[in-house]
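Asker: Sequence first, then the predicted structure:
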Amino acid sequence: MTTATPAAPTKGTPFRGRIRGRVLLLLCIMYAISYVDRTNISTALPHITEEFGFNETTAGLIVSAFALPYALLQVFGGTIAEKFGPRRALFVITVLWGVATLWTGLSVGFWTLAAARFLLGLTEAAAFPAATQAMSRWIPRDRNGFAQGVVHSAARLGNALAPLLVAWVIGATGSWRWAFFATAVLSIAWGIVWFVWFRDKPEDAARIKRVELDELPPVETRATRPPVPWRTLARQILPVTFVDFGYGWTLWVFLTWIPTFLSDTYGLPIAAFALFTTLVLLAGVVGDTVGGVLSDRLIHRGGNTRHARRAILVVGLGGSLVCLLPLVIGRGLVVATVSLALSFFFLELCNANLWAIPMDVAPQWSGTASGFMNTGFGIAGVLSPIVFGVLVDTSGWQLPFGLSCVLLGAAAVVAWRMKPQRLTVTDGVLEIGTPKVEQPA
């Protein structure tokens, strides 16, 4: 087995002509499919509620059935991914969430829908921590932000395309169920391709070149997993978890309620509100990549990873808050659409940086650390659809959007004050220090 030397700085285009570029592309496809699978219900929801006679509160409960296991199993899922490796973990995960998506299409009422969404959340809980573990082995440290930005841009592309795809399938077949059948097949197919092609250790990959191995993190960092320093790791990641909660609350609002908001407030038919929803969500595709690239560039200029990630988080959360304010006041369709798109763009500047922080802070436990962090998003997913739905039923749309603004502001304050330290184990000794990366020549 080939042993890699410590990581060298990457130059030029760090993914062209590298096997890690194909790894990143395959992960992009998985991220896109995962978000189509978890958000297709939002576009189908008006048809589902009409068929079964649900109100907005009941619809929120169905959506939240996904988020409860998703929140509770984040850390466990990340740990399992580290134990068994991302190759086997992601294969099992994607096949099982394909089954859950198929089950959604076969549902006959509230309890079967809730159970299917619960299984989907259970299976997807470990997906992104497992993917982060794969990236920590295959991606140079000074490209963590870019890599996370690209895969989450793919996820937002899945968000953006889901309304149009679901609307087209419903229009073509006359049934919302076929939208779930189609994405179930895609999920299972991806899992098979991943298992056949991917390797947990870059040095085991066919035709990998020495120059690529030399650019990766040291082999002892990516190939070993010392016992998790739970208490120390929790102290570093918990503030990030709160920031992720504030970010996640508003993201769940976009993923769950924007189609219904546009339909109810402006009386749009499905083709129209699907188009407007897609236009809003496309802004997030750009925001994800821009956020990761900007923070990586700040790191290259100053070398302080912590400050770079923190600065982008504050700008993103604050900008999203400001752009969401017109929804609190209440405006016409054009103003609402532009405000939502800009708010979503700023919000998604945060995403790559939130996921890059676990890779920066705890490279040897990136699956567990990212699971800790993403627990905040999962908890937000449990609370946001239910609370938002109840508030819409009782008071209209302005108050729920106002609450989102408050949480964005609180998350921005915590993001500015947090100071996560890098954790590594060398020769059995836990070392704590400010996260940095090697500077490109």
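Answerer: Yep, that arrived.

Asker: Just list what the host helix or strand of residue 282 packs against, helices and strands only.
Answerer: Per DSSP states H and E: residue 282 is located in helix 270-302. If you count contacts as 3 or more CB pairs under 8 Å, 6 or more residues apart in numbering; DSSP states H and E, helix 270-302 packs onto helix 19-52, helix 144-173, helix 230-266, helix 305-329, helix 333-361. Using the backbone N, CA and C atoms, a C-beta is placed for each residue, glycine as well.

Asker: which one of the ones you listed has the lowest average pLDDT?
Answerer: Of all these, mean pLDDT reaches its minimum on helix 144-173 (a mean of 80).

Asker: Tell me the helix or strand right after it.
Answerer: That would be, after helix 144-173 and using DSSP H and E, helix 177-197.

Asker: of all the helices and strands packed on helix 270-302, which lies closest to residue 290?
Answerer: With CB to CB as the measure, helix 333-361 is the member of the helices and strands packed on helix 270-302 nearest residue 290 (6.3 Å).

Asker: follow-up on the earlier one: what would the helices and strands packed on helix 270-302 look like in a markdown table with mean neighbour count and distance to residue 104?
Answerer: Compiled in a markdown table, the helices and strands packed on helix 270-302 are given as follows (neighbours: other CB atoms under 10 Å; distance: least, CB to CB, whole Å):
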| stretch | mean neighbour count | distance to residue 104 |
| --- | --- | --- |
| helix 19-52 | 21 | 7 |
| helix 144-173 | 23 | 12 |
| helix 230-266 | 22 | 15 |
| helix 305-329 | 21 | 29 |
| helix 333-361 | 25 | 25 |
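
Asker: what would those helices look like in TSV with distance to residue 72?
Answerer: What follows is the helices and strands packed on helix 270-302, written out as TSV (distance: least, CB to CB, whole Å):
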stretch	distance to residue 72
helix 19-52	16
helix 144-173	21
helix 230-266	14
helix 305-329	25
helix 333-361	18
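
Asker: returning to what we had before: the helix holding residue 282 vs helix 305-329, what angle?
Answerer: Taking axes from the mean of the first three to the mean of the last three CA atoms, to 10 degrees, one finds that helix 270-302 is oriented at 150 degrees with respect to helix 305-329.

Asker: chain center to helix 270-302, what's the gap?
Answerer: From the chain centre to the centre of helix 270-302 is a distance of 12 Å (CA atoms, centre = their mean, to the nearest Å).

Asker: buried ones in that helix?
Answerer: 270, 273-274, 276-278, 280-296, 298-299 (16 or more other CB atoms under 10 Å).

Asker: now swap in stretch 55-69 and tell me
Answerer: 56, 58-69.

Asker: Closest to the centroid, which residue in the chain?
Answerer: residue 152 (5.9 Å; CA atoms, centre = their mean).

Asker: So which of the buried residues of stretch 55-69 are in helices?
Answerer: 56, 58-69 (DSSP state H).

Asker: shaky segments in the stretch 1-150 of the chain?
Answerer: Scanning the stretch 1-150 of the chain with the threshold set as pLDDT under 70 gives 1-17, 77, 142.

Asker: Recalculate using a threshold of 50.
Answerer: Per-residue confidence for the stretch 1-150 of the chain (pLDDT under 50) gives these ranges: 1-9, 11-13.

Asker: what about the closest residue in space to residue 30 that isn't next to it in sequence, neighbour count?
Answerer: Nearest non-adjacent residue to residue 30, counting by CB to CB, 6 or more residues apart in numbering: residue 190, 5.6 Å away. By other CB atoms under 10 Å, the residues close to residue 190 number 21.

Asker: for residue 140, same thing?
Answerer: 24.

Asker: my read: it touches residue 215, true?
Answerer: Yes. Counting by CB atoms under 8 Å, residue 140 does reach residue 215; the two are 5.1 Å apart.

Asker: Contacts only, for the residue nearest to residue 30.
Answerer: 26, 29-30, 33, 94 (CB atoms under 8 Å, 6 or more residues apart in numbering).

Asker: Apply 7 Å and report the result again.
Answerer: By CB atoms under 7 Å, 6 or more residues apart in numbering, residue 190 lies in contact with 29-30, 33, 94.

Asker: Repeat that for residue 290.
Answerer: Counted by CB under 7 Å, 6+ apart, residue 290 has contacts residue 349.

Asker: From residue 132, how far off is it?
Answerer: 20 Å (CB to CB, to the nearest Å).

Asker: now residue 370
Answerer: Distance from residue 370 to residue 132, by CB to CB: 4 Å.

Asker: try residue 196
Answerer: Residue 196 is 22 Å from residue 132, by CB to CB.

Asker: Can you pick out the residue with more neighbours from those two?
Answerer: residue 132 (30 against 9).

Asker: Can I take it that residue 54 is in a strand?
Answerer: No. The assignment for residue 54, made by DSSP: H, G, I helix; E, B strand; the rest coil, is coil rather than a strand.

Asker: Run a quick neighbour tally on it.
Answerer: Residue 54 - counted by other CB under 10 Å - has 18 other residues nearby.

Asker: Could you look up the SS state of the residue lying closest to residue 56 once chain neighbours are set aside?
Answerer: Among residues not flanking residue 56 along the chain, residue 389 sits closest, at 4.6 Å (CB to CB, 6+ apart). Classification of residue 389 by three-state DSSP places it in helix.

Asker: residue contacts, residue 389?
Answerer: Per CB under 7 Å, 6+ apart, neighbours of residue 389: 56-57, 59-60.

Asker: before we move on, the earlier item: quickly name whichever of the ones in helices among the buried residues of stretch 55-69 is closest to residue 233.
Answerer: Closest to residue 233, out of all of these and judged by CB to CB, is residue 69, at 22.3 Å.
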